[in-house]
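1. dropping the sequence and predicted coords here.
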Amino acid sequence: MAGFDGFGEFVQAHTGAWSRLAFVLAGSHAGAEDLLQTALLKAARRWSRIRRYEQPEAYVRRAIYHAAVSQWRRRREWPVESLPERATPGDPVADLHRRMTVDAALARLTPRQRAVLVLRFYEDRSVEDSAAILGVSTGTIKSQTAYALDRLRVLAPDLVELTREEAGR
Amino acid sequence: MTGLREHFTETAERAKHYDMTGRVIRTARRRQRLRLAAAGGAAVLVGWGTATVVLAGGDGRPDAGVEVVDSTGNAGTARLPWLPATFTAPASPPALPADRGVGEGALVWGRGGTAFLLTADGVSYAVPGAVLGLSPDGRWLAYAADGGTVFRSLTDTRTRRTEITDVKGWSVRGSTAVVTGPSLSTAPAKATVFDPESGSSMAVTVPDPNWWDPKGLSADGELLLVPRLDPRVMPGAAATGPVVDPSATAFVVNPTATVGPVPAASLTPPPSALGFAVGFVAPADGTARAIGVQDGGGHVEDGEVWLPDPSMALVPLPGEGLVFQILRRLDVDNAQSGGAEVHANADLIEISVESGTPVRRYRLPVRTTLDGPYATLLGSVEEGLLLSAGQATQPPDELELLDPATGTRHTVARIPQGATFSMTRGGTGF
């Protein structure tokens, strides 16, 4: 076990939160597993170093984001199915329908745009934190957020209401 | 559900518990064993002090783990969001204005000794100095002026000035630069990781600077080092990294970000039959490591050269790979070559940053004569790998994008008549 002492316990303690993050980023179970495995392999190889970090779990979270953004090689495999027809407001099925619509629209963003939205609106990270995690400038976070929200509205015109609050941030 | 935040929260609730602890540890152990075996069984270093190392084949079959991506098809055309739809070279572009931003840059082109910035909006501006770099996000332009180096924000009017530097490379994304003192006659002992956006800088000691040359940053933010061709390049190395002028416009050196003094380190390249290695230094604590580039068990094909040359492009990918371009020997008659062997740019090889073994080969069209078309690796952008392309011995006249997912190549820009390509985003030159 030399070299990986404590790694199993470390992973077990955080897998729940990392699983949720990976699924929100990937949009599919297979994609989430792929992201998590990539990040954990990276962490395992550097375990002797990162175990000494004050927050080693932050390293893995960052690695998950970087794995998501670097999906460019495999992005053709991401779900890009056609958008569903517009839902009827007030319909009990509307929420499910709308969720599918948003999922499909999110799947058509670039991995980085999706990662920026997850950082800002799932993790509630500041622009500065988001920039530090992705290794880009704060200007890039701002512009990518605006671009991604605009694109969501184009992809799914029903969602103007959905993204109004976020657009003000 | 009323907003994106609620949507993400609901999505998170549908996640499963992806427990892969055992699988990850087993895989990590296996790879660790393979790395140790590769290091122990490799041949001695060859090629230092020589121009090239040519390896003809190998005694084993190519590693089954090496994926071959076919990129030999004809290039189509495509549009990148940060490149203007039309690229013209006006007779007299205006000077880069100091009183306003011009928008993100797309590339730098030249004509008659003057460099011009082309913005994503399709407007060209004359740059008041020799261009040293354009950041991967297109937001910062570095050029030499007034005896120093100017980092100019293209989206507003901010400028950062440093003493005269070489821009050795950039972060994979964003706008963090790696700069050193001028290295024409000395081997820089320090590299400075400089973020023009915040103005912070961090000095990083280059271990064995006569051996290693800084190149840029890896995807993890480590300083990348490539071996110098000639290890006899000698002392007289600058004792410190570039000095940043704190009195310059809006420039603040972040004292908490400066590491030092970092003890001198020794970084010996691991064995590699190819004589090619890559070094890494973590800026935060100066920890250094190196990998020897391996041939992957007979992956080097007949007539190929995997060149240990610091001038070659070494492109870090957003994930865990590094891409470089190999050379292939051309059959040229003596009258054309003067009796010397001639090599041309050939396939792209992606290696693992952990083991140095090849994981992917992007097979480009084979150039068999001096008169054929060629492509040169420039860098990577969010959409894929950037190549310059041209014919015969003429300067490159097209910019191509190689989609790593499919291997297809697309022409994304053509240089207008009378102009030459100079630099693209994140690149240090064509």
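-> Now that the structure is in, tell me what you want to look at.

2. tell me how far B:Arg173 lies from A:Tyr65.
-> Remark: distance between B:Arg173 and A:Tyr65 (CB to CB, to the nearest Å) = 12 Å. Placement of C-beta: from N, CA and C, glycine included.

3. intersection of neighbour lists for those two?
-> Applying CB atoms under 8 Å, 6 or more residues apart in numbering or on different chains, one finds that B:Arg173 and A:Tyr65 are jointly contacted by A:Leu134.

4. in chain B, which residue is most central in space?
-> B:Val315 (3.5 Å; CA atoms, centre = their mean).

5. in a strand, B:Lys179, correct?
-> No, residue B:179 isn't Lys; it's Val. Yes. Counting by DSSP: H, G, I helix; E, B strand; the rest coil, B:Val179 is found in a strand.

6. now it: closest residue in space, sequence neighbours ignored.
-> Nearest residue to B:Val179, sequence neighbours excluded (CB to CB, 6 or more residues apart in numbering or on different chains): B:Thr165, at 4.0 Å.

7. right, and that neighbour touches B:Thr149 too?
-> Yes. Taking contacts as CB atoms under 8 Å, B:Thr165 lies within contact range of B:Thr149: 4.6 Å.

8. count the residues that sit near A:Ala17.
-> Neighbourhood size, A:Ala17 [other CB atoms under 10 Å in any protein chain shown]: 14.

9. for it, phi and psi?
-> Per-residue torsions, A:Ala17: phi -70, psi -40 (degrees, to the nearest 10).

10. what does the pLDDT read for it?
-> Note on A:Ala17: pLDDT of 94.

11. next one: B:Pro136
-> B:Pro136 is given a pLDDT of 93.

12. give me phi/psi at B:Ser135?
-> Main-chain dihedrals, B:Ser135, degrees, to the nearest 10: phi -70, psi 160.

13. apart from its chain neighbours, what residue comes closest to it?
-> Closest to B:Ser135 by CB to CB, 6+ apart is B:Ser175, at 3.6 Å.

14. which residues sit in contact with the one you found?
-> Counting by CB under 8 Å, 6+ apart, B:Ser175 touches A:137, B:135-137, B:139-140, B:195-197.

15. what do you get if the cut-off is 6 Å, keeping everything else the same?
-> Applying CB atoms under 6 Å, 6 or more residues apart in numbering or on different chains to B:Ser175 gives the contacts A:137, B:135, B:137, B:139-140, B:196-197.

16. out of the residues you listed, who's the most crowded?
-> Of all the contacts of B:Ser175, the highest neighbour tally under other CB under 10 Å goes to B:Trp140, namely 29 neighbours.

17. quickly list what it is bridged to.
-> Beta-bridge partners for B:Trp140, by DSSP bridges, are B:Ser153.

18. which of the contacts of B:Ser175 sits closest to A:Phe7?
-> Within these, the smallest distance to A:Phe7 is 33.4 Å, found for A:Ser137 (CB to CB).

19. shouldn't the closest one be in contact with B:Gly174?
-> Yes. Using CB atoms under 6 Å, A:Ser137 is in contact with B:Gly174, at 5.4 Å.

20. who touches both of these two?
-> Joint contacts of A:Ser137 and B:Gly174 (CB under 6 Å, 6+ apart) do not exist.

21. what does chain B put close to chain A?
-> Chain B comes close to chain A at residues B:1, B:3-5, B:7-8, B:11-12, B:15-21, B:24-25, B:28, B:137, B:173-175, B:197, B:318-319, B:354, B:404-405, as judged by CB under 6 Å from any CB of the partner chain.

22. just the ones of these in strands?
-> Assigned to strands by DSSP state E, none of the residues of chain B next to chain A qualify.

23. okay, and the helix or strand of the chain with the least pLDDT?
-> All of this refers to chain A. Least confident helix or strand of chain A, by mean pLDDT, DSSP states H and E, is helix A:160-167 with a mean of 57.

24. other chain: chain B
-> Lowest mean among helices/strands of chain B [mean pLDDT, DSSP H and E]: strand B:54-55, a mean of 27.

25. got any ranges where chain A has weak pLDDT?
-> Flagging of chain A using pLDDT under 70 yields the residue ranges A:1-2, A:71-95, A:157-169.
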